[in-house]
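Student: sharing a model prediction with you, sequence too.
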Number of protein chains: 2
Amino acid sequence: MKKKDQNYIKKENKGLVLELIRTLGPVSRAKIARVTNMSPTTVSRIVSSLIELNFVEETDQMTSGVGRKANLLAVKASSILSIGIELDEKLTRVGFIDFLGNIVCLEEYHRDSGGSPALVIAQLKKYIQELIEKHHIQTDKIKGVCVGLPGLINADNGHVDLSVQMQWRQVEFAKQLKDVLGYDVIIDNELKLKAYAEGIFGKGKKSKKMAMIGFGSGVGSSLIVDGDIYRGHSNYAGEIGHTVVDSNGILCSCGNFGCLQTYIAEPFLLEEASKKGNVRSLQDLIATAKSNENWAINIIERAITYAAITINNVVCVNNPDMVVLTGSLIEQSNYMRERIFNKCTVQIWEPLKDSFTLETSSLGSQGVILGAGMKIQKEFIKQLNFEEVLLK
Amino acid sequence: MKKKDQNYIKKENKGLVLELIRTLGPVSRAKIARVTNMSPTTVSRIVSSLIELNFVEETDQMTSGVGRKANLLAVKASSILSIGIELDEKLTRVGFIDFLGNIVCLEEYHRDSGGSPALVIAQLKKYIQELIEKHHIQTDKIKGVCVGLPGLINADNGHVDLSVQMQWRQVEFAKQLKDVLGYDVIIDNELKLKAYAEGIFGKGKKSKKMAMIGFGSGVGSSLIVDGDIYRGHSNYAGEIGHTVVDSNGILCSCGNFGCLQTYIAEPFLLEEASKKGNVRSLQDLIATAKSNENWAINIIERAITYAAITINNVVCVNNPDMVVLTGSLIEQSNYMRERIFNKCTVQIWEPLKDSFTLETSSLGSQGVILGAGMKIQKEFIKQLNFEEVLLK
């Protein structure tokens, strides 16, 4: 119920039309007019300007009714590029995404944990330059960068408030990265971006209230409601790693007993395992369990129970129509995934058992990159409206 | 982005204008036009019709700018009434609410647990008739009834899917009550209605993302986002009583170990207490703890710890800017409330400690009645639009 003056409406409509062509395309001008309740004249005027800007093109013709032909519109996939970046404790991924969400290129790099923001920024600059060179990328098409990373991320001001995996606290990351790269930079929580992508391109396309749960170097959840990320007050929603699931459990790094992450996040599983064996990775631990070592089986079985408890708890609080599982525990191991799915049949509160479908992410390791790439494109579309006003 | 034809817009605008006058009143026609971006002529036309229908009246005049006087509009508090009803395991409340949310009358009745829907409906009919008589209520002003009750309530079709407190499962309650009363009836989860009222009239007025947590005959949470109830897929969001908080805890009635409700819901506290003493109510239990009985102190201290864990867990998942506590554990006992507030200082995950304010419900035992009364009025406003179309 915000006051909207004439200029404001024009601006908003331009972004709306571009967003609609991107989402619904190939689509006719008439359909855009119907969907938006705008006059055909206004729609045509806006479309012309979008074609002139080279973001939209006319594609196939369709026959509507008694033989009239209408030109269909679609965004020009190659007209812009965005860079999506994923940072985690031990890896970096960098990808280029076109205007339709196609991945132009995507590389994964190992990183040593504990690097400073300055070091990470230097690495990112290097990786981006290498990719531009290797894939002959036209740099004037790059409209911005979005970085997804785990932890408490302030998406509004671009600060990393706290990322245990990155070992960063209160880092002005977006500004520092922008200063070095020269592109617009936004940052966000990685699981929120992954869920956002899953909602656009993956399993979540069929969902109106999708919860994503990530089991990996940490544990987190995110909630997509009608296509939008539910962020909470300070973008911290879904930080379930520190929900207490056993008040008599072990002491967590945060100072509380029995936080969920201590039962399921990869580093904690490996720390437990280190008391008994020389286990360096989750794959090692699972292999040891498969070879019938009791202690490894115990750790794995407990993790599976807590994964099912996590799904139950998220379902009770959020009441989603779909839960999508992701993260290394799920994506790197059929063994774990199958056991977690099985455990859910006895762990989910009975009245809610049929209220949701349980899925595995279809985007896997590309999810964060895709979500990040799409997110900065959305910002670019807003920016475009703003620029147009400045020209007036 | 739904298609909106001319009639649809007119309908929606009429409801919008009435809702705005109710929320913002006293308010000028000019302000309504500004806020809605509608033409002054359209606003005047809609307002005239609302005045004719007797829902809106002109009140004081205000001086705007250089001495011009504008008539201000407000809804006529006495023009309609709604009935709000709260059902819980051992009590029934019935109240009449006017168009501004004033409570015209409110009575509380004891009920024996386990009554059938037919019995409860007969009681409600009797209570309503008694109140109408006692307070000389003009019955043609009554525009509908909303019932709030604990459990899994389908607000769309009016079915009580499951209410452990009422001992009902799959009851077509709204239809059955409507058949007996003759008024329009809707039903909803009681804590969602209480939170809705708190958002309109109580502490939540200052919040954009308010979580309410109820500790009473059960335990539940609800989330108000920008004035709207977050319902989830099937209106079951916030059913935290069956989130697992100790996988080695006691067996819950649902078949899982260590559900939250087993540590904190009143019946479970009293069941534990019954092993040691003759304790009939929460007040008894607290009095016994105050008299330094170790076993009573143990039960109470554990409940306090789990209350703080509940608040922590809800804050981690929902990231609200405000948490409002309610329910018998909070409202009937300063002793419990103070200890729970204190416990939070060590139990809330440190990075989220300053992300929200912790409050106690300001509406107390009137909350559900107020929320229910306001909810059915909102439905009535929609209905009004619909009737107007039928007349055309």
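Tutor: Received, thanks.
Student: quick check on the nearest residue to residue A:117 once chain neighbours are set aside: phi, psi?
Tutor: Of all residues not flanking residue A:117 in the chain, residue A:171 sits nearest, at 5.0 Å (CB to CB, 6 or more residues apart in numbering or on different chains). (C-beta placed from N, C-alpha, C; glycine too.) Note on residue A:171: backbone dihedrals following degrees, to the nearest 10 are phi -110, psi 130.
Student: chain neighbours aside, what residue packs nearest to the closest residue to chain B within the stretch 151-300 of chain A?
Tutor: Relative to chain B, the nearest point of the stretch 151-300 of chain A is residue A:232 (2.5 Å; CB to the nearest CB). In space, and not counting its chain neighbours, residue A:232 is closest to residue B:319: 2.5 Å by CB to CB, 6+ apart.
Student: domains of chain A?
Tutor: Here the domain parsing of chain A from automatic domain parsing is A:6-75, A:80-194+A:367-389, A:203-362.
Student: give me the mean pLDDT for the longest one.
Tutor: Meaning domain A:203-362. Regarding domain A:203-362, the rounded mean pLDDT is 95.
Student: now swap in the shortest one and tell me
Tutor: For domain A:6-75, the mean per-residue pLDDT is 82.
Student: distance from the chain centre to that domain, please.
Tutor: 28 Å (CA atoms, centre = their mean, to the nearest Å).
Student: any part of it near chain B?
Tutor: Yes - residues of domain A:6-75 contacting chain B under CB under 8 Å from any CB of the partner chain: A:16, A:20, A:34-37.
Student: any chance you could map the strands in the stretch 201-350 of chain A?
Tutor: Secondary structure of the stretch 201-350 of chain A (DSSP state E, counting those that start in this stretch): strands at A:209-215, A:219-225, A:228-229, A:322-326.
Student: out of the domains of chain A, the one nearest residue B:344 is which?
Tutor: domain A:203-362 (11.9 Å; CB to CB).
Student: quick check: the residue nearest to residue A:232 touching residue A:229?
Tutor: No - if you go by CB atoms under 8 Å, residue B:319 and residue A:229 don't touch, sitting 11.8 Å apart.
Student: quick check: neighbours shared by those two?
Tutor: Here residue B:319 and residue A:229 share no contacting residue, scored by CB atoms under 8 Å, 6 or more residues apart in numbering or on different chains.
Student: now stretch A:192-211 - C-alpha only, PDB.
Tutor: The C-alpha trace of stretch A:192-211 is given here as PDB (Å, rounded to 0.1, in the frame of the first residue of the first chain):
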ATOM      1  CA  LYS A 192      19.800 -19.400   0.700                       C
ATOM      2  CA  LEU A 193      21.200 -19.000  -2.800                       C
ATOM      3  CA  LYS A 194      21.200 -22.700  -3.300                       C
ATOM      4  CA  ALA A 195      17.500 -22.900  -2.300                       C
ATOM      5  CA  TYR A 196      16.700 -19.900  -4.500                       C
ATOM      6  CA  ALA A 197      18.200 -21.700  -7.500                       C
ATOM      7  CA  GLU A 198      16.500 -25.000  -6.600                       C
ATOM      8  CA  GLY A 199      13.200 -23.100  -6.600                       C
ATOM      9  CA  ILE A 200      13.800 -21.600 -10.100                       C
ATOM     10  CA  PHE A 201      15.500 -24.500 -11.900                       C
ATOM     11  CA  GLY A 202      15.300 -27.600  -9.700                       C
ATOM     12  CA  LYS A 203      12.900 -29.700  -7.700                       C
ATOM     13  CA  GLY A 204      11.400 -26.600  -6.000                       C
ATOM     14  CA  LYS A 205       9.700 -25.600  -9.300                       C
ATOM     15  CA  LYS A 206       6.800 -27.600  -8.100                       C
ATOM     16  CA  SER A 207       6.800 -26.300  -4.500                       C
ATOM     17  CA  LYS A 208       5.100 -23.200  -2.900                       C
ATOM     18  CA  LYS A 209       6.900 -23.700   0.400                       C
ATOM     19  CA  MET A 210      10.200 -25.400   0.000                       C
ATOM     20  CA  ALA A 211      12.600 -26.100   2.800                       C
END
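Student: does it come close to chain B?
Tutor: Yes - against chain B, stretch A:192-211 shows contacts by CB under 8 Å from any CB at A:208-209.
Student: residue contacts, the residue nearest to residue A:117?
Tutor: A:117, A:159-160.
Student: I'd like to know how far it sits from residue A:203.
Tutor: Distance, residue A:171 to residue A:203, by CB to CB, to the nearest Å: 33 Å.
Student: coming back round to it: reformat the strands of the stretch 201-350 of chain A as CSV; add mean neighbour count.
Tutor: Shown next, in CSV, are the strands of the stretch 201-350 of chain A (neighbours: other CB atoms under 10 Å in any protein chain shown):
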stretch, mean neighbour count
strand A:209-215, 28
strand A:219-225, 26
strand A:228-229, 16
strand A:322-326, 25
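Student: among the ones you listed, which is nearest residue A:72?
Tutor: That would be strand A:228-229 among these, by CB to CB, at 27.6 Å.
Student: could you point out which of the strands of the stretch 201-350 of chain A sits nearest residue A:384?
Tutor: strand A:228-229 (20.4 Å).
Student: quick one: the strands in the stretch 1-150 of chain A?
Tutor: For the stretch 1-150 of chain A, strands defined by DSSP E, counting those that start in this stretch occupy the ranges A:27-28, A:56-64, A:68-75, A:81-87, A:91-98, A:103-110, A:142-149.
Student: of these, flag the one that's most buried.
Tutor: Among the strands of the stretch 1-150 of chain A, strand A:81-87 has the highest mean neighbour count (mean count of other CB atoms under 10 Å in any protein chain shown), at a mean of 26.
Student: residue A:355: how many residues sit nearby?
Tutor: 17 (other CB atoms under 10 Å in any protein chain shown).
Student: might one say that it is in contact with residue B:234?
Tutor: Yes - judged on CB under 8 Å, residue A:355 makes contact with residue B:234 at a distance of 5.4 Å.
Student: which neighbours do the two share?
Tutor: Between them, residue A:355 and residue B:234 share these contacting residues under CB under 8 Å, 6+ apart: residue A:319.
Student: what's the spacing between the nearest residue to residue A:290 once chain neighbours are set aside and residue A:287?
Tutor: Excluding the flanking residues, the one nearest residue A:290 by CB to CB, 6+ apart is residue A:335, at 7.0 Å. The gap separating residue A:335 from residue A:287 is 9 Å, by CB to CB.
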